[in-house]
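Colleague: Predicted coordinates and the sequence they were generated for:
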Amino acid sequence: MKPSPAVLCLVSVLGLSACSGDRGSDGSRNGESKASTSNSGTSANSSPQPFNGKTSCTDVVYVGDSVSVGMVSKDQIPNRAERLEARFANVGVKNLYVNASGGRSVFERFMNRPNVMDVLTPKLTSTFKGCYVIATGTNDAANDHTGSNMKIRQRIDTVMKATKGRPVLWPLPATIATNGSYNDAYMRDMDAQLRDATKRYPNLRLYDWRAEREEEWVEGDRIHDDRLGSRYRAAMYANALAVAFPQGRPANPSTVVGSAWGKKPSPANRPKLPSVKGDAVAFWAGDKKAVELYESGRKP
């Protein structure tokens with residue numbers, strides 16, 4: 001693949017939806033405790049390494065669902081400097097290809113739109129030498145618990161084998177729903193399977209979004225972020241990439257990382273908004289039609 005100065009951000013503003021069609025939209029937190037695995041950015045037996053807030057991942061393919069759509073949406077985040085692409089540029093990403101679509105999962109195609117594996121085509125993965133951010137799993141967890149024959153482990157293995165050993169950051173999915181297809185208990189099953197997958201894939205790092213997000217950032221559907229949540233998530237995903245795969249250093253020895261080196265972000269040390277130096281970033285332009293649609297302001 002060759003970098004292009006054209007900005008490609010192929011997204012859909014469709015709502016997140018599992019194939020079953022229902023959504024957990026009421027109830028409160030179920031009171032379950034936070035996961036015990038450390039999200040500090042360092043393993044229990046290692047010392048914090050020097051961290052300059054930059055990542056070694058200069059080229060990134062980012063695959064997301066509707067939660068990611070909010071992070072690249074000018075309606076959700078009017079200030080371009082606070083959107084996902086600018087945040088990633090701020091931590092050292094030079095070439096970014098974002099492909100996010102509502103209802104996306106590894107195998108199922110919501111409204112016949114591309115699934116994860118339609119994005120991770122052999123043509124792309126056989127030549128790409130950068131890093132991947134796989135910001136999906138919410139729909140996979142929902143689908144797994146609503147009748148799919150494709151188990152979560154199979155979903156994870158399919159994606160990880162496609163990345164061919166390249167660095168992968170996979171944020172842990174989470175909701176605050178207590179019933180319906182998007183019950184957070186289902187998300188915790190997905191999280192547990194992802195944690196187990198780090199034993200099989202040394203190139204996999206997980207970002208513990210669950211441990212760092214605030215419930216007040218979640219919309220009334222108990223799944224998606226509000227505007228403030230989208231802004232924080234964009235900044236914290238970018239920081240987590242730099243923590244997982246730091247510039248000039250080996251991959252973080254901890255398989256589950258946070259977005260601040262050595263400590264969990266608190267209100268005092270979360271990313272200040274806005275805090276971006278410039279907003280220029282080049283995207284991988286692999287689909288001429290998508291580029292034309294994006295540049296014309298029309299939705300793909």
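Modeller: Nice, thanks for sending it over.
Colleague: and R104, what does it touch?
Modeller: With contacts defined as CB atoms under 8 Å, 6 or more residues apart in numbering, the neighbours of R104 are V63, G64, D65, S66, F110, R113, P114, N115, V116, T136, N139. All C-beta atoms are positioned from the backbone trio N, CA, C, and that covers glycine.
Colleague: Just want to check the distance between the last one and L228.
Modeller: When distances are taken as CB to CB, to the nearest Å, N139 and L228 turn out to be 24 Å apart.
Colleague: Counting neighbours, go ahead and name the busier of those two.
Modeller: N139 (29 against 13; other CB atoms under 10 Å).
Colleague: sec struct for that one, please.
Modeller: In three-state terms, and counting by DSSP: H, G, I helix; E, B strand; the rest coil, N139 is helix.
Colleague: That one touches G64, doesn't it?
Modeller: No. Counting by CB atoms under 8 Å, N139 does not reach G64; the two are 10.9 Å apart.
Colleague: quick one: which of the contacts of R104 sit in strands?
Modeller: When DSSP state E defines the strands, the subset of the contacts of R104 inside them is V63, G64.
Colleague: which of the contacts of R104 count as buried?
Modeller: V63, G64, D65, S66, F110, P114, N115, V116, T136, N139 (16 or more other CB atoms under 10 Å).
Colleague: distance of the third one from P78?
Modeller: Right, D65. Where P78 is concerned, D65 sits at a distance of 22 Å (CB to CB).
Colleague: ditto for the fourth one
Modeller: The span separating S66 from P78 equals 19 Å under the rule CB to CB.
Colleague: same thing with the first one?
Modeller: With distances taken as CB to CB, V63 is found 25 Å from P78.
Colleague: same check, this time on the fifth one
Modeller: To P78, F110 is 27 Å away according to CB to CB.
Colleague: what does the second one give?
Modeller: Going from G64 to P78 by CB to CB gives 20 Å.
Colleague: And the strands in the stretch 201-300 of the chain?
Modeller: Counting by DSSP state E, counting those that start in this stretch, the stretch 201-300 of the chain has these strands, from start to end: 204-207, 256-257, 282-284.
Colleague: what's the least confident stretch among these?
Modeller: When those are compared by mean pLDDT, strand 282-284 comes last with a mean of 41.
Colleague: ranges for the helices of the protein?
Modeller: Using DSSP state H, the helices found in the chain span residues 66-72, 84-90, 116-119, 122-125, 138-144, 152-162, 184-197, 209-212, 227-244, 288-296.
Colleague: Between these, which one is closest to P271.
Modeller: Closest to P271 of these is helix 227-244 (CB to CB; 3.8 Å).
Colleague: Report all helices and strands that the closest one contacts.
Modeller: helix 66-72, helix 84-90, strand 131-135, strand 168-171, strand 204-207, helix 209-212, strand 256-257 (3 or more CB pairs under 8 Å, 6 or more residues apart in numbering; DSSP states H and E).
Colleague: can you tell me the average pLDDT over the second one?
Modeller: Within the predicted structure, the mean pLDDT of helix 84-90 is 93.
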